[in-house]
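Novice: Okay, predicted coordinates and the sequence, questions at the end:
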Amino acid sequence: MSETAPSPTVKDQDLETRLAGYRHNLRNKLSPAVMVADYLCHHHDPEVSHQAEMIMASLEATLDEIRQMQASQ
C-alpha cells in the first residue's frame with residue numbers, strides 16, 4: 001500500500017499565500033538596492049566599486065535564498 005502526501009489544509013494554503021506575497025514584496029524592496037549597487041560597481045573610485053561589489057554579493061545571496069524558498073514549495 002503506497003502512502004500519499006496529505007492534502008494541504010486551508011491553514012497551509014493561507015500560509016503559502018502569505019509567504020508568496022512576502023517573497024514578492026522582498027524582491028520588490030530589494031530591487032532598487034540591486035540597481036544602485038550594480039551602478040556603483042562601475043564607479044571610477046576603486047574603493048566605491050569594491051564596497052558596491054560586497055553589497056551586490058550580499059543582495060544576490062539574499063535573492064538566491066528567496067528563490068530557494070520558492071523552489072522548495
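Specialist: Now that the structure is in, tell me what you want to look at. Numbering: from 1, shown residues only.

Novice: how about Leu30, what does it touch?
Specialist: Applying CB atoms under 8 Å, 6 or more residues apart in numbering, we find Leu30 in contact with 59, 62-63. All C-beta spots, glycine's among them, are computed from the backbone N, C-alpha and C.

Novice: if you look at the residues you listed, which of them are in helices?
Specialist: 59, 62-63 (DSSP state H).

Novice: want to try a markdown table for those residues, with distance to Tyr22 and neighbour count as columns?
Specialist: Output for the ones in helices among the contacts of Leu30, formatted as a markdown table (distance: CB to CB, whole Å; neighbours: other CB atoms under 10 Å):
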| residue | distance to Tyr22 | neighbour count |
| --- | --- | --- |
| Leu59 | 17 | 17 |
| Thr62 | 13 | 15 |
| Leu63 | 14 | 16 |
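
Novice: any idea which of the residues you listed is the one closest to His44?
Specialist: Nearest to His44 among the ones in helices among the contacts of Leu30 is Leu59, at 21.9 Å by CB to CB.

Novice: Please name the nearest non-neighbouring residue to Ile66.
Specialist: Leaving aside its sequence neighbours, Ile66 sits nearest to Arg23 (CB to CB, 6 or more residues apart in numbering; 5.2 Å).

Novice: tell me, how many neighbours does the one you found end up with?
Specialist: For Arg23, the count of nearby residues is 17 (other CB atoms under 10 Å).

Novice: so it touches Glu65, yeah?
Specialist: No: Arg23 lies out of contact with Glu65 (CB atoms under 8 Å); the separation is 9.8 Å.

Novice: which residue is nearest the middle of the chain?
Specialist: Centroid check for the chain by CA atoms, centre = their mean gives Leu63 as the closest residue, at 2.7 Å.
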